[in-house]
Structures are given as C-alpha cells and as structure tokens.
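Okay, predicted coordinates and the sequence, questions at the end:
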Amino acid sequence: MKRLAIIALLMGLATAEADVLTDVTVGTTYDTNVDGVYAGASAVVTRLSVSVTRLIDMDASHLRLFYSGDGFLFGRYGERTFATNRLGVDFARNLNAGERDKLFAGLALAARANRSIYDVYNYTGLFGYAQGKWYSGEQTLQRVGYQFNWRSYQNLAVTRYVDHYAFFQINRFLPTRTTLRGDLGLGYKLREGAEGQVVLGVQVAQAITRNTGIRARYQRRINLRAANGDPTRFIALIYGNDDILRDRYDYSGGEITARLTQHLPLQVRIILEAGRETRSYKDDLALDLGGAVLPTGVLRRDAHSFFDALLELPLTQRVTTSLGYGISRNRSNDEFYHYPLRQSASFDLNVEF
C-alpha cells in the first residue's frame, strides 16, 4: 500500500503543470449497530478520502490517470481502523461525431490494509472493465459491459479469488418524460470452487416536475450454483462490502427500492430512498446465538429493509457538505443476524482543488 501511495504522489508532482484535479472528503458517521448483528455495538466512524486525477484529452478520446485512497478510523475500536488505495487509468473514446456513442475501459491496482484480527481482509488486487453505450434512434439507449476483480488475500487460506461480471442494459425514453430500463447481469466467481449468479432488473424513472424525479426498481438474484461449503460465522465482522467470507453469491432473492430526488434553489438536493430485500441462503443453516443448528433444520432467510435521507448543500463551487440519516432492520431466522433497528447519522465535507 505504501508503494501505491508513493507512486500516486510522484504522479501528482510530475504533473503539477498539467490538468490535475484533487478531491478531498472528510466525514463522520455515528452508527448504532456498526456490525449489523443482533447485539452490535455503536461506533463513530471517521472517513478521510483523497483522490488525485489527471485528465488528458485527445482527438476523440479521453484518458484519466488517478489515485484514490480511503481511511476509516473507528472510535473506541481502533483495531478496526483500515485503509484502501487504488491506482489506475480510465479510457473513453467517442464512436461518432455526435459524442453520444462511447467506449469505456479501465484498469486499476487496489489494496486494503487492516489491523489486528481484521487483517484477514488484507488484499492486493487488480480491477478492470470494458463498457460500451450506443443509441438506436433518439429513444433507445443500450449498454453492454464486462468487469473482473482479482484479489490475493495474504492472511487467508484462499488460493484464488476472481469475480467476473457481464451485463446488458436497455433504456427506453418516452415522450411522457418516463424512462424504462431493463437489465441482465451474469456473475461468475472462482474461489476454491465456482459460483454463478444471474441478476435481472426492471426500473421505471419518472420526472414529476423540472426539479422532482422518482424512480422504482425491482431486482432478482438467481443462483446458478451454490458454494456447498460449511457454514461459517467469523468473529471479525467486516465494515463495508469487501467480505470474502460472505458475499452476494451466498444468497438469492428479490429486492425492491424507490427513490425521490428533489432539486432546490442554490443547487441544494434532497434524496430519499427506501427498499426491502429478501435473501434465501442456499448453504447456511439457521443457527441460534450459541452457533447450534435450530431444531427445525431450516436454511437461513433474511428480510432487510431500509430508509435513507440525504441533504446535499453546496457552500461554494468547490465546497459541498452533505447530511445523511438512515434506519434499517434485518429480520432473520438466524438469531445472530437478527436485529430490530439500526440507525446512522453522517456529515461529510467535500473540497475540490
């Protein structure tokens, strides 16, 4: 990770005369159940994010060299503090004179470093993607893409970890200011064994007024092959979405979400979002708090619901603040993952240079 930071610093120094953009965000979140389990502890989590980007424009192409780093500091739980770094390049090319049809591609080195027993989540990795978008007439937009995520976990007995994902998306724009969207995704993960998953989604977005819009989405996950491994309940619960021990391939189910976006004067924006997801785990038996299988021998099933509110308040052209509040609950027949109410409040300050 130090090597990535040094390379990024040298990149910034070498391009001091060029078109370099720097973005710094400082934020803090109070979470009443930071682990998301039946008796999770509350914590204040402070986040510092820094990104340095150099933009290079060519005739019909654009190149972006970037470094981004995030640090998370846990109040009262210093052993959970961790940092992530990413160093990479993004490429975009216009496919016609109108600049509407485009090709995108990118590659990035990534690393995560943790403390104490949480160092099982330390990794170095490589992330890459290729995407294209094109219009069929004025009312139809299509997208297709592929991405891969390769990681090496130094402190886990994992010989390989590669996650492949390909998708196709079609959008239809109606005269009523309605946008219809359908998408199909296919994920395939190699980690000791192989797991596959199909993701189907339909979405409707509607402009109510010039400054108000709503969106509703339904998504379904269908497992093609279960992991067939032994259920695990690792004591070091992760913060974030990098959990190799439990991820989206472990369950199937449906999710419905709705979002309201309201633009106010002075570029103020309010976003309200709510949703509910059901998860059926194919390999995990529901357990009690002691880790014993329930007498019924049923598999784990969860129903997770949430509501989030976000207020974005620009102070100047380069300084933006945001206030967030969220509540969620998870009803599970596995007693360890059942919790009635989780709340969080956050404040972020973003500065662009």
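Perfect, I can see it now. Not measured: the values here are computed from a predicted model.

pLDDT score for Gln139?
You'll see Gln139 listed with a pLDDT of 93.

residues touching the residue lying closest to it once chain neighbours are set aside, list them.
Spatial nearest neighbour of Gln139, excluding adjacent residues (CB to CB, 6 or more residues apart in numbering): Phe173 at 4.8 Å. For every residue, glycine as well, the C-beta is placed using N, CA and C. Contacts for Phe173 (CB atoms under 8 Å, 6 or more residues apart in numbering) come out as 138-141, 179.

now swap in Thr124 and tell me
When contacts are counted by CB under 8 Å, 6+ apart, Thr124 is found next to 109-111, 151-152, 154.

and these, which are buried?
Neighbour counting with 16 or more other CB atoms under 10 Å marks 109-111, 151 as buried within those.

And the residue nearest in space to the middle of the chain, its phi and psi?
Central residue of the chain (CA atoms, centre = their mean): Asn241, 6.7 Å from the mean position. With angles defined as degrees, to the nearest 10, Asn241 sits at phi -120, psi 30.

any idea how far it is from Ile270?
If you measure Asn241 against Ile270 using CB to CB, to the nearest Å, the figure is 25 Å.

quick one on the thing from earlier: mind putting the buried ones among the contacts of Thr124 into CSV with secondary structure and distance to Thr22?
CSV is the format used below for the buried ones among the contacts of Thr124 (DSSP: H, G, I helix; E, B strand; the rest coil; distance: CB to CB, whole Å):
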residue, secondary structure, distance to Thr22
Leu109, strand, 20
Ala110, strand, 20
Ala111, strand, 21
Arg151, strand, 28
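
How far off centre is the host helix or strand of Leu65?
For Leu65, the enclosing helix or strand under DSSP states H and E is strand 61-74. With CA atoms, centre = their mean, to the nearest Å as the basis, strand 61-74 stands 14 Å off its chain's centre.

Could you do stretch 209-226 as well?
On the basis of CA atoms, centre = their mean, stretch 209-226 is displaced by 15 Å from the centre of the chain it belongs to.

Stretch 297-317 too?
Using CA atoms, centre = their mean, the distance between the centre of stretch 297-317 and that of its chain works out at 12 Å.

just stretch 182-189 next, same as before
Its chain's C-alpha centre and that of stretch 182-189 lie 16 Å apart, by CA atoms, centre = their mean.

Show the average pLDDT along it.
On average, the pLDDT along stretch 182-189 is 96.

Export that stretch to PDB, keeping only CA atoms.
What follows is stretch 182-189, C-alpha atoms only, in PDB (Å, rounded to 0.1, in the frame of the first residue of the first chain):
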ATOM      1  CA  GLY A 182     -34.300  -3.500 -18.200                       C
ATOM      2  CA  ASP A 183     -31.000  -5.200 -17.400                       C
ATOM      3  CA  LEU A 184     -29.500  -8.600 -17.300                       C
ATOM      4  CA  GLY A 185     -26.300  -9.500 -15.500                       C
ATOM      5  CA  LEU A 186     -24.300 -12.600 -15.100                       C
ATOM      6  CA  GLY A 187     -21.700 -13.100 -12.300                       C
ATOM      7  CA  TYR A 188     -19.200 -15.900 -12.100                       C
ATOM      8  CA  LYS A 189     -16.800 -16.200  -9.100                       C
END
